[in-house]
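Asks: Fold the stuff below for me.
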Amino acid sequence: MGAEMYTKMESFRALIGGILVALVLGTVLGEDAMGLPSCRFPAIYNFGDSNSDTGGISAAFLPISAPYGENFFHKPAGRDSDGRVLIDFIAEHLGLPYLSAYLDSIGTNYRHGANFATGGSTILRPNETIYQNGISPFFLDMQISQFDQFRARTRDLYIQAKSPSDRDKLPRPEDFPEALYTFDIGQNDLSVGFRQGYDQLRASLPDIANKLTSAVQHLYQEGGRTFWIHNTGPIGCLPVAVMYIRNPPPGMLDQYGCNKAQNEMAVEFNKQLKDAVMKLRGQLPDAAITYVDLYAAKYGLISDAKGQGFVDPLKICCGNRVNDYNVWCGQKAMINGTEVYGSSCANPSAYISWDGVHYSQAANHWFANHILNGSLSDTSLPIAQSCHRPRRF
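Replies: This next block holds a predicted model:
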């Protein structure tokens, strides 16, 4: 199935799904019409890439600079956006504080979870470095290893603590089985694959999907029970995917200007990921696993940008393009003897793309509003009730 046909079907599904969730579930944050209580997660543990990084890559390498963070934190906050990223809205929705990055050791509080995501992370072990193409060394298996170490060390520290104040910033050992485990990763595996060749990437898709489900299995064996898994977005709709294409041949771009071949690869990966998740449910009888169609949410906004109050989705808020030279957000470059700065636009909230690669806070907020109610989840359960395993699974 082509990407365009897929997204049209998903847009219809999203609309009908949202109506059904509202009418059948009648969801509120406390308890819904089906009698399912709110899960009241004590913590969130997140694994991912720059779409959900809250300071990891900044702590490990060079800090993300201004004007990142300006539209909410009023300073750089380790996020590749003008403000909050999707995991921040998830935390807000569940009444939890923003997640501290595991790699950030200064002023951190891990009582309500930790974030192992880093910008540039992949699912598979990378064969590129951050200095070549921005690929993080902290791939998914390493993030899982960091979680294992985090859990063991904080448990020891919690037991050894001599006063309540010594425990305040540490997770309670009993909270790990009750926590929400979230995944938003895979986009960079596709990016790496595009550089290596489409045929090679297509052949590796089953391995990528299975590596993610293997991570879920490991966390389940360690006591985790609730998993919220985002599929990957329409990578071909990122401005960076098309900004260097001159005179595209007929059929290369869809009606919204997106790279069709890249989106079709994302659709195929998502299909294989969903199949792997369905299989995993049968192997983990006590797990509540939610597969979230974030692709449909993102493409839904991109395909109706004007109707939702946004500018052209391929326009970039932060950065400066002079002739054929791109000055990235927050960077400086000399062009024809003149220093050019990649500055922010006047109204970031009107843009879907923040810097050509990452989404704006306004777009992230829009996505959150369209996935957290369960209308794009295969279980149809909102995130606040996602600890419950639907009977049909």
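Asks: Skipping adjacent residues, who's closest to Gln361 in space?
Replies: Excluding the flanking residues, the one nearest Gln361 by Cβ to Cβ, 6 or more residues apart in numbering is Gly83, at 3.2 Å. Where C-beta positions appear, they are placed from N, C-alpha and C, glycine not excepted.
Asks: same question, Cys258
Replies: Cys237 (4.0 Å).
Asks: Tell me who's in contact with the residue nearest to Gln361.
Replies: 69-73, 348, 360-361, 364 (Cβ atoms under 8 Å, 6 or more residues apart in numbering).
Asks: Would you mind putting those residues into JSON lines with secondary structure, distance to Gly186 and neighbour count alongside?
Replies: Supplementary listing: the contacts of Gly83 in JSON lines, determined by DSSP: H, G, I helix; E, B strand; the rest coil; distance: Cβ to Cβ, whole Å; neighbours: other Cβ atoms under 10 Å:
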{"residue": "Gly69", "secondary structure": "coil", "distance to Gly186": "25", "neighbour count": "21"}
{"residue": "Glu70", "secondary structure": "coil", "distance to Gly186": "28", "neighbour count": "18"}
{"residue": "Asn71", "secondary structure": "coil", "distance to Gly186": "27", "neighbour count": "20"}
{"residue": "Phe72", "secondary structure": "coil", "distance to Gly186": "26", "neighbour count": "15"}
{"residue": "Phe73", "secondary structure": "coil", "distance to Gly186": "27", "neighbour count": "18"}
{"residue": "Pro348", "secondary structure": "helix", "distance to Gly186": "26", "neighbour count": "21"}
{"residue": "Ser360", "secondary structure": "coil", "distance to Gly186": "21", "neighbour count": "26"}
{"residue": "Gln361", "secondary structure": "helix", "distance to Gly186": "22", "neighbour count": "25"}
{"residue": "Asn364", "secondary structure": "helix", "distance to Gly186": "17", "neighbour count": "25"}
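Asks: circling back: surely the residue nearest to Cys258 touches Ile302?
Replies: Yes: counting by Cβ atoms under 8 Å, Cys237 touches Ile302, with 5.0 Å between them.
Asks: Show me whatever sits in contact with both of these two.
Replies: Here Cys237 and Ile302 have 256, 258, 313 as joint contacts, going by Cβ under 8 Å, 6+ apart.
Asks: among the residues you listed, which ones are buried?
Replies: With burial judged by 16 or more other Cβ atoms under 10 Å, the buried subset of those is 256, 258, 313.
Asks: can you give me phi and psi for the last one?
Replies: To tie it back to what came earlier, the one meant is Pro313. phi -60, psi -20 (degrees, to the nearest 10).
Asks: shouldn't it be in contact with Tyr256?
Replies: Yes: using Cβ under 8 Å, Pro313 is in contact with Tyr256, at 6.7 Å.
Asks: quick one: common contacting residues for those two?
Replies: Common neighbours of Pro313 and Tyr256 (Cβ under 8 Å, 6+ apart) are 237, 302.
Asks: helix or strand for Phe183, which one?
Replies: Assigned by DSSP states H and E, Phe183 falls within strand 180-184.
Asks: Need the per-residue pLDDT for Glu264.
Replies: As predicted, Glu264 sits at a pLDDT of 98.
Asks: Checking my notes, it in a helix, right?
Replies: Yes: checked against DSSP: H, G, I helix; E, B strand; the rest coil, Glu264 lies within a helix.
Asks: Provide the count of other residues in contact range of it.
Replies: Neighbour count for Glu264, taken as other Cβ atoms under 10 Å: 19.
Asks: lowest-pLDDT helix or strand in this structure?
Replies: helix 3-20 (a mean of 47; mean pLDDT, DSSP states H and E).
Asks: start to end distance for stretch 231-238?
Replies: Using Cα to Cα, to the nearest Å, one end of stretch 231-238 lies 16 Å from the other.
Asks: what's it in contact with?
Replies: Under Cβ under 8 Å, 6+ apart, the answer for stretch 231-238 is 3, 7, 51, 186-187, 190-191, 241-242, 254, 256-266, 269-270, 273-274, 291-295, 298-299, 302, 313-314, 353, 356-357.
Asks: Show me what counts as buried in stretch 188-208.
Replies: Neighbour counts using 16+ other Cβ under 10 Å place 188-194, 201, 204-205, 208 of stretch 188-208 among the buried residues.
Asks: that older thread, taking the contacts of stretch 231-238 one by one, which sit in helices?
Replies: The helices, defined by DSSP state H, take in 3, 7, 187, 190-191, 260-266, 269-270, 273-274, 294-295, 298-299, 302 from the contacts of stretch 231-238.
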